[in-house]
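Participant: My questions are about this predicted structure, shown below with the sequence.
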Amino acid sequence: LSALRLQIQPHFLFNTLNTLSGLVSLNRRADAEDMILNLSTFLRRTLALPAEQLVTLAQELESQRSYLAIERTRFEDRLQVDFQIAEICFSALTPSLILQPLVENAIRHGLSPSSSVVIITIGAEKAGDVLHLWVSNVGAEPGTPTPGFGIGLTNVRERLHVHFGDRASLTAAPLANGWKSSIEHPWLTEDTCAS
């Protein structure tokens, strides 16, 4: 998790501060204030989490909402976000910040090289005794995918292994006009962990 925090913050903060500078120079005060509040919320959540903590999916999604609000300010109407979360999944436990590299990759590889509108979808469903999470980007212009797992996906895979061993998996594959990364791990709630 410490490596993940270091990976997120330098380029994310650089991009955010550059966007804030642009908003200030364009006299878009309200947008700049919103972005500062979202950045503060995101960093507070990110830095406060214990390294090996499991959090509810609701908590994990709140971190992603703060992050995505910042990215929506950067990319404006080119970024659309869709949450497809089954109601039962909000109370499921998952490793903290497990979705962050997937969301970052969806934006970096979907929006950054493209001028198209891109839809980022974050989804969750319960399949038997398994929590299935996914992040996809759709609408990205076709490009040359990077082979193999990058640092972010490797980090996710290793963290899943630490928490769940061979009972968890991460898959990532291209879509017709985008990319989808999926996580599966055992279904846990605070009730099941307490018993």
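Facilitator: The structure has been received and is ready for your questions. Since we're looking at a predicted model, the values are computed, not measured.

Participant: mind listing the helices in this structure by residue range?
Facilitator: 2-25, 29-48, 57-75, 100-110, 151-164, 190-194 (DSSP state H).

Participant: comparing those helices, which gets the lowest mean pLDDT score?
Facilitator: Sorting the helices of the chain by mean pLDDT places helix 2-25 lowest, at a mean of 65.

Participant: can you tell me how far residue 55 sits from residue 31?
Facilitator: Using C-beta to C-beta, to the nearest Å, we find residue 55 at a distance of 29 Å from residue 31. In this view, the C-beta of every residue, glycine as well, is placed from N, C-alpha and C.

Participant: Those two: which is more packed in?
Facilitator: Just comparing residue 55 and residue 31: by other C-beta atoms under 10 Å the higher neighbour count belongs to residue 55, 20 against 17.

Participant: Does the more buried one touch residue 94 like I think?
Facilitator: Yes. Using C-beta atoms under 8 Å, residue 55 is in contact with residue 94, at 6.7 Å.

Participant: show me the contacts for residue 131.
Facilitator: Applying C-beta atoms under 8 Å, 6 or more residues apart in numbering to residue 131 gives the contacts 57, 89, 92, 94, 124, 183, 184, 185, 186, 187, 188.

Participant: quick check, nearest of these to residue 81?
Facilitator: residue 124 (14.3 Å; C-beta to C-beta).

Participant: The closest one is in contact with residue 92, isn't it?
Facilitator: Yes. Counting by C-beta under 8 Å, residue 124 touches residue 92, with 7.4 Å between them.

Participant: Find residues that contact each of those two.
Facilitator: Common neighbours of residue 124 and residue 92, using C-beta under 8 Å, 6+ apart, are 57, 131.

Participant: thinking again about what came up before, any of the contacts of residue 131 buried? List them.
Facilitator: Using 16 or more other C-beta atoms under 10 Å as the burial test, the contacts of residue 131 include 57, 89, 92, 94, 124, 183, 184, 185, 187, 188 as buried.

Participant: Out of those, list just those in strands.
Facilitator: Counting by DSSP state E, the part of these found in strands is 94, 124, 183, 184, 185.

Participant: For beta bridges, what are the partners of the second one?
Facilitator: This means residue 124. residue 85, residue 133 (DSSP bridges).

Participant: follow-up on the earlier one: got the buried ones among the contacts of residue 131 as TSV, with distance to residue 166 columns?
Facilitator: Shown next, in TSV, are the buried ones among the contacts of residue 131 (distance: C-beta to C-beta, whole Å):
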residue	distance to residue 166
57	22
89	22
92	20
94	17
124	22
183	14
184	12
185	11
187	16
188	16
